[in-house]
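> with the input below, show me the fold.
(one chain, ligands or ions: 1)
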Amino acid sequence: MSKFDYDLFVIGAGSGGVRASRVAASHGARVAVAEEHRVGGTCVIRGCVPKKLLVYGAHFAEDIHDARQFGWDVPDCRFDWTRLRDNVLAEVSRLEGLYAQTLDNHKVALFRTRATLVGPQKVRLADGQELTSERILIATGGWPFVPEFPGSEHAITSNEVFHLQELPKRIVIAGGGYIANEFAGIFNEFGSKVTIVNRGDAILRGYDEQIRDRLLQISMTKGIEFRFNAPFQSIEKQADGSLLVHLENCEPIPADAVLAATGRVPNTRGLGLEEVGVELDRNGAVKVDETNQSSLESIYAVGDVTNRIQLTPVAIREGQAFADSVFGGKPTIVDYSNVPSAVFSHPPIGAVGMTEAEARNRLGSIRVYTSDFRAMKNVLAGRNERALYKMVVNEATDQVVGLHMIGPDAPEILQAAAVAVKAGLTKADFDATVALHPSMAEELVLMK
Ligand SMILES: Cc1cc2nc3c(=O)[nH]c(=O)nc-3n(C[C@H](O)[C@H](O)[C@H](O)COP(=O)(O)OP(=O)(O)OC[C@H]3O[C@@H](n4cnc5c(N)ncnc54)[C@H](O)[C@@H]3O)c2cc1C
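Below is the predicted model:
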């Protein structure tokens with residue numbers, strides 16, 4: 001008999017925590033998980049899933065417009081935010097139920113409460129109950145970071161944006177990352193006046209420069225406004241309840257809502273980690289080795305709280321690798337090379353591997369192929385919006401080391417193409433593949 005209440009106690013039932021819990025349980029471990037908000041975590045409750053549903057909802061604005069060119073008599077349409085919001089929230093609740101069901105099916109004990117560490121093998125629940133576990137997994141995710149300035153309390157974050165009572169007529173979005181650009185696209189399609197305000201001079205750092213430029217150009221054509229090098233000074237609440245956003249170097253901007261999409265920080269505050277002796281890095285992330293083990297033998301961490309790559313599929317892989325290694329006798333190390341990513345902007349971006357600039361720095365001699373085209377559908381729709389595909393090739397080996405795309409369905413196409421990049425295929429391999437015509441993806445095998 002074990003002297004511990006559990007073999008594994010997981011703090012946080014998000015992407016990484018749920019996967020680790022159920023896999024460890026399927027390997028025979030006695031597992032408990034604590035969740036202080038809702039089962040499913042950021043991705044399911046207030047991230048990827050509701051965001052993508054809003055992206056779908058938003059895209060109807062263009063589809064309805066384009067449908068007329070394709071022969072459909074479409075009467076003037078009205079968008080109802082509360083209907084979409086409520087449908088999305090209902091879907092989120094349905095998924096939450098499925099996640100809780102999965103835990104239950106695997107006999108994982110679920111504590112719907114906050115847990116903190118009180119020892120290397122002991123946690124305390126919010127009601128004071130203390131439980132022991134041979135191993136503890138920290139899977140508490142990330143939290144939106146909002147810079148402090150006068151009136152910053154008037155800004156909402158991605159946590160609140162899915163619950164807005166009404167559609168803001170004017171919204172200011174602070175930040176230049178993927179969340180800022182995705183919500184800019186969403187609100188712009190819904191008819192809000194959108195201004196993205198950025199402290200620096202570029203959007204989407206980390207993505208290929210040409211692709212970022214293309215999104216900026218298309219976003220501006222669609223009516224999204226940008227302010228660069230414009231840090232926030234203050235947000236002033238007006239007598240009528242609206243907001244006035246004061247920026248450095250710019251005129252103030254009136255708004256009905258301000259969304260701070262200014263980054264996410266590891267969710268480690270008040271968890272008791274440092275008190276117990278778990279080392280954190282300077283951003284507050286749990287320091288782990290490649291086996292996801294922290295500086296304490298009994299404590300592991302996976303997902304956004306470790307601040308490696310903050311994406312759901314990565315957190316899931318880390319949770320799986322942890323459970324297989326520690327409880328399944330199958331040591332597994334996560335491979336972080338060529339992780340594909342997307343920005344669900346309008347139009348969306350998909351990318352895998354090195355950008356042109358990275359490849360030049362790391363490989364020296366490279367070849368770059370681009371295809372700059374107007375999708376057939378956009379031509380008939382009279383939509384002057386060009387897609388851009390870019391392939392980065394290692395000159396020495398002919399290997400495709402990066403693919404970057406902006407255009408309709410780019411993430412869908414990129415996921416399949418990422419298999420080829422991950423497998424180390426060459427430009428000659430792409431060329432040897434017969435095109436699938438007519439498609440946008442065929443550009444990938446026709447680049448000259
Ligand atoms: C708006 C938005 C859009 C996103 N879109 C995408 C996307 O399109 N694709 C993608 O791959 N990723 C996306 N992400 C990122 C993705 O959501 C995260 O990478 C992923 O959820 C990380 O999983 P995790 O398990 O590390 O943490 P989370 O999923 O954040 O789970 C952590 C859980 O721990 C709980 N918790 C925290 N502290 C405690 C405690 N002390 N006690 C009990 N419970 C606790 C939290 O309530 C939470 O449920 C998005 C994120 C946001 C915010």
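> quick one, what contacts the residue of the stretch 151-300 of the chain found nearest the ligand?
Going by Cβ to the nearest ligand atom, the ligand is nearest to Ser158 of the stretch 151-300 of the chain, at 3.7 Å. Placement of C-beta: from N, CA and C, glycine included. Residues in contact with Ser158 (Cβ atoms under 8 Å, 6 or more residues apart in numbering) are Arg46, Gly47, Lys51, Pro144, Ile179, Phe183, Leu259, Ala261.
> look at it and report its pLDDT.
Looking at Ser158, its pLDDT reads 98.
> got it, and the one 3 residues further on?
pLDDT recorded at Val161 is 98.
> my guess is it contacts Ser192. True?
No - applying Cβ atoms under 8 Å as the test, Val161 and Ser192 come out as separate, 11.8 Å apart.
> the contacts of Ser158 in helices, which ones?
Arg46, Lys51, Ile179, Phe183 (DSSP state H).
> can you verify my assumption that the third one contacts Thr262?
Yep, that's Ile179 we're talking about. No - under the criterion of Cβ under 8 Å, Ile179 makes no contact with Thr262, lying 9.2 Å away.
> now, which of the ones in helices among the contacts of Ser158 lie close to the ligand?
The subset of those within reach of the ligand, counting by Cβ under 6 Å from any ligand atom, consists of Lys51, Ile179.
> closest one to Arg205 out of the ones in helices among the contacts of Ser158, please.
Nearest to Arg205, judged by Cβ to Cβ, of the ones in helices among the contacts of Ser158 is Ile179 at 13.1 Å.
> need the contact list for that closest one.
Here Ile179 is in contact with Lys51, Ser158, Ala261 (Cβ under 8 Å, 6+ apart).
> let me know the pLDDT of the first one.
The predicted local confidence for Lys51 comes out at a pLDDT of 98.
> can you count the residues close to it?
Lys51: 20 surrounding residues under other Cβ atoms under 10 Å.
> excluding its backbone neighbours, what's nearest Arg367?
Val393 (4.4 Å; Cβ to Cβ, 6 or more residues apart in numbering).
> and the helix or strand where the one you found lies, what does it pack onto?
Here Val393, judged by DSSP states H and E, is contained in strand 386-394. Using 3 or more Cβ pairs under 8 Å, 6 or more residues apart in numbering; DSSP states H and E as the contact test, the elements touching strand 386-394 are helix 209-221, helix 356-363, strand 366-374, strand 400-406, helix 427-432.
> most tightly packed of these?
Comparing those by mean neighbour count (mean count of other Cβ atoms under 10 Å), strand 400-406 ranks first with a mean of 26.
> and the contacts of it?
Here strand 400-406 makes contact (Cβ under 8 Å, 6+ apart) with 207-208, 210-211, 214-215, 218, 347-356, 358-359, 363, 366, 387-394, 413-414, 417-418, 420-421, 425-427, 430, 444.
> for it, give the mean pLDDT please.
Averaging pLDDT along strand 400-406 gives 98.
> how much does that strand deviate in direction from strand 366-374?
For strand 400-406 against strand 366-374, the angle by axes from the mean of the first three to the mean of the last three Cα atoms, to 10 degrees is 20 degrees.
> quick check: what element follows strand 400-406 along the chain?
Sequence-wise, the next helix or strand downstream of strand 400-406 (DSSP H and E) is helix 410-422.
> name the helices or strands packed onto that following helix?
Helix 410-422 is packed against strand 341-343, strand 349-353, strand 400-406, with contacts defined by 3+ Cβ pairs under 8 Å, 6+ apart.
> out of these, which comes closest to the ligand?
Evaluated with Cβ to the nearest ligand atom, the helices and strands packed on helix 410-422 place strand 341-343 nearest to the ligand, the distance being 6.5 Å.
> sheet-wise, list the partners of the closest one with their directions.
Paired strands of strand 341-343, with direction, are strand 349-353 (antiparallel) (DSSP bridges).
> got the contact list for the residue in the stretch 201-350 of the chain positioned nearest to the ligand?
Nearest to the ligand, among the residues of the stretch 201-350 of the chain, is Gly303, at 2.1 Å (Cβ to the nearest ligand atom). The contact partners of Gly303, taken as Cβ under 8 Å, 6+ apart, are Gly12, Gly14, Ser15, Gly16, Gly17, Ala139, Gly141, Val314, Ala315, Glu318, Gly319.
> quick one: end-to-end distance for stretch 1-15.
With Cα to Cα, to the nearest Å as the measure, stretch 1-15 spans 31 Å from end to end.
> stretch 81-98 and the ligand in contact?
No - Stretch 81-98 lies apart from the ligand when judged by Cβ under 6 Å from any ligand atom; the minimum separation is 10.1 Å.
> coming back round to it: need the contacts of Gly303 in JSON lines with secondary structure and neighbour count, can you?
Shown next, in JSON lines, are the contacts of Gly303 (DSSP: H, G, I helix; E, B strand; the rest coil; neighbours: other Cβ atoms under 10 Å):
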{"residue": "Gly12", "secondary structure": "coil", "neighbour count": "31"}
{"residue": "Gly14", "secondary structure": "coil", "neighbour count": "34"}
{"residue": "Ser15", "secondary structure": "helix", "neighbour count": "30"}
{"residue": "Gly16", "secondary structure": "helix", "neighbour count": "33"}
{"residue": "Gly17", "secondary structure": "helix", "neighbour count": "29"}
{"residue": "Ala139", "secondary structure": "coil", "neighbour count": "33"}
{"residue": "Gly141", "secondary structure": "coil", "neighbour count": "24"}
{"residue": "Val314", "secondary structure": "helix", "neighbour count": "21"}
{"residue": "Ala315", "secondary structure": "helix", "neighbour count": "30"}
{"residue": "Glu318", "secondary structure": "helix", "neighbour count": "29"}
{"residue": "Gly319", "secondary structure": "helix", "neighbour count": "29"}
